[in-house]
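In: dropping the sequence and predicted coords here.
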Amino acid sequence: MTQRTSPQDSQPRPPTGATHADYSGAVYGSLLAASVVAGAGTLGSLPRLELALLLLCTGVVFWAAHVFSRLFGARMVRQSLSWKQVRRVCAGERPIVEAAVPPAAAVAISPLLGLGVPGAAWLALAVALAEQVGWASLAAVRAGASVRLTVLAGTVNLLLGLVIVVLKVSLHH
């Protein structure tokens, strides 16, 4: 008797005990960061600091909301929660916060590049969009997607990001 293998069987599998990488939080966090930059509007007397803090704090707030919703959802199906599970969920949602760091860093280094505040915001937006496309493409590659599907994932995420760019341009000009 011959054993049939599916295309999934021929894909490399993570070693036993390895965790499966989920890039959705990073993609989501990058889109969130782009949205924060696009919607930031008028900032106060320390605009770079305020924008960087807004990016980081928004990431933390959304991270906490995701952690709470996952833990609350587990309670709704009557699962008891352990500290181990809470730590696992907190770590699993961490990419949402981490995705805010590169755009915030871009804002912080923008004076070294000779950029004014509007230029800093555009740099942060570009970093967030590049991050979003990169994470989506990496997720597709790591999932074993074809080149065509990987390009599609990157393109769809680029289009989502460009919607935010169009909104920024139309709302602030």
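Out: Noted; the coordinates are in hand.

In: what helix or strand is G29 on?
Out: Using DSSP states H and E, the element containing G29 is helix 24-39.

In: for that helix, buried residues please.
Out: Within helix 24-39, the residues that count as buried by 16 or more other CB atoms under 10 Å are 25-38. Just so you know, the C-beta spots here come from the backbone N, C-alpha and C atoms, and that holds for glycine as well.

In: can I get that helix in CSV, CA atoms only?
Out: In CSV, the C-alpha atoms belonging to helix 24-39 read as follows (Å, rounded to 0.1, in the frame of the first residue of the first chain):
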residue,chain,number,x,y,z
SER,A,24,-1.2,38.8,12.3
GLY,A,25,-0.4,41.0,15.3
ALA,A,26,2.6,42.5,13.5
VAL,A,27,0.6,43.2,10.4
TYR,A,28,-2.3,44.6,12.5
GLY,A,29,0.0,46.7,14.7
SER,A,30,1.7,48.2,11.6
LEU,A,31,-1.6,49.2,10.1
LEU,A,32,-2.6,50.6,13.5
ALA,A,33,0.6,52.7,13.6
ALA,A,34,0.0,54.0,10.1
SER,A,35,-3.5,55.0,11.1
VAL,A,36,-2.2,56.8,14.2
VAL,A,37,0.2,58.8,12.1
ALA,A,38,-2.4,59.6,9.5
GLY,A,39,-4.9,60.7,12.0
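
In: what's the following helix or strand after it?
Out: Sequence order places helix 47-76 as the next helix or strand after helix 24-39, per DSSP H and E.
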